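In: when you get a sec, could you give me coordinates for this:
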Amino acid sequence: MKKDLIRVAAMEKGEQYYIPEKPCAKGHYLRATSSGGCIECRKAAEKRRYYADPEKTKNKIKCKYHKNAEKLRAKRRLSHEKSKDDPIVKAKACERAKRWRDLNPNSETLKIARKKWKLSNPHKVQADRVKRRVSEMQRTPKWLSKDELWLIEEVYDLAILRTKMHGFSWHVDHIIPLQGALVSGLHVPENLQVIPWLDNIKKANRYVV
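Out: Numbers count the residues shown, from 1 in each chain. Take a look at the predicted model:
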């Protein structure tokens, strides 16, 4: 009777699973709230049915999906609407997206998405440019000589030259970033390097030793 009360309590809370006081005959604890059946035993039974006749199982799953396709889509949409404001779900989605971008840096989809974002957010692009320019001005020391200022111009000229020679973009990177979280560098020749655009994007505002 106590086991049923635990299941009823789980149903009232809207939980999908519950753990009874005693295990099933095979020693498993986790149960489905809707049916009261053992999760591990059900998985084992489904596996046995699948290996007995894989084609039949696949066709059965396909038929079930096509029969309830609209309901499943509606259920997924509802689940998405409920979870899209959840900070944990957002963090996981951001982590997945970042991992995908790192694995597919030259993806055409990524390039198109970046172009669309820039076209849709011109104010943010302009704000970033201004912020960058102001940061460079603030981090450029007044004691730099004319020769050192000329060297800075030459570094940018070198980036343009390498871009033309290699057929892909090269960026001028600050070895110690101007806007680093822990340490910030200066806009001086000794702190500049010319690297491929992909390496620069991966590095971001980090100081890589």
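
In: C-alpha only now, for contacts and for neighbours.
Out: Will do.

In: could you pull out the strands in the protein for me?
Out: Here the chain has its strands, by DSSP state E, at 17-18, 31-32, 170-174, 192-196.

In: which one of those strands lies nearest to K203?
Out: Ranking the strands of the chain by distance to K203, with C-alpha to C-alpha as the measure, places strand 170-174 first at 9.1 Å.

In: helices and strands around that closest one, which ones?
Out: Helices and strands touching strand 170-174, by 3 or more C-alpha pairs under 8 Å, 6 or more residues apart in numbering; DSSP states H and E, are helix 146-166, strand 192-196, helix 197-203.

In: hmm, who's touching the longest one?
Out: Helix 146-166 is touched from outside by 169-172, 188-189, 192-195, with contacts defined as C-alpha atoms under 8 Å, 6 or more residues apart in numbering.

In: now stretch 8-22
Out: 3, 6-7, 29-34.

In: same question for stretch 124-131.
Out: Here stretch 124-131 makes contact (C-alpha under 8 Å, 6+ apart) with K118.

In: report the buried residues of it.
Out: Across stretch 124-131, burial judged by 16 or more other C-alpha atoms under 10 Å covers no residue at all.

In: and it, how far out from the chain's middle?
Out: Centroid displacement of stretch 124-131 relative to its chain, using C-alpha atoms, centre = their mean, to the nearest Å, is 24 Å.

In: same check on stretch 52-65?
Out: That offset, for stretch 52-65, works out to 34 Å (C-alpha atoms, centre = their mean).

In: again with stretch 63-75
Out: Worked out by C-alpha atoms, centre = their mean, stretch 63-75 lies 28 Å from the chain centre.

In: cool, and stretch 139-157?
Out: 38 Å.

In: got it, and stretch 175-193?
Out: Its chain's average C-alpha position is 27 Å from that of stretch 175-193, according to C-alpha atoms, centre = their mean.

In: export the strands of the chain to JSON lines and append columns for mean neighbour count and distance to Y50.
Out: As requested, the strands of the chain are exported to JSON lines (neighbours: other C-alpha atoms under 10 Å; distance: least, C-alpha to C-alpha, whole Å):
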{"stretch": "strand 17-18", "mean neighbour count": "20", "distance to Y50": "24"}
{"stretch": "strand 31-32", "mean neighbour count": "20", "distance to Y50": "21"}
{"stretch": "strand 170-174", "mean neighbour count": "22", "distance to Y50": "54"}
{"stretch": "strand 192-196", "mean neighbour count": "17", "distance to Y50": "51"}
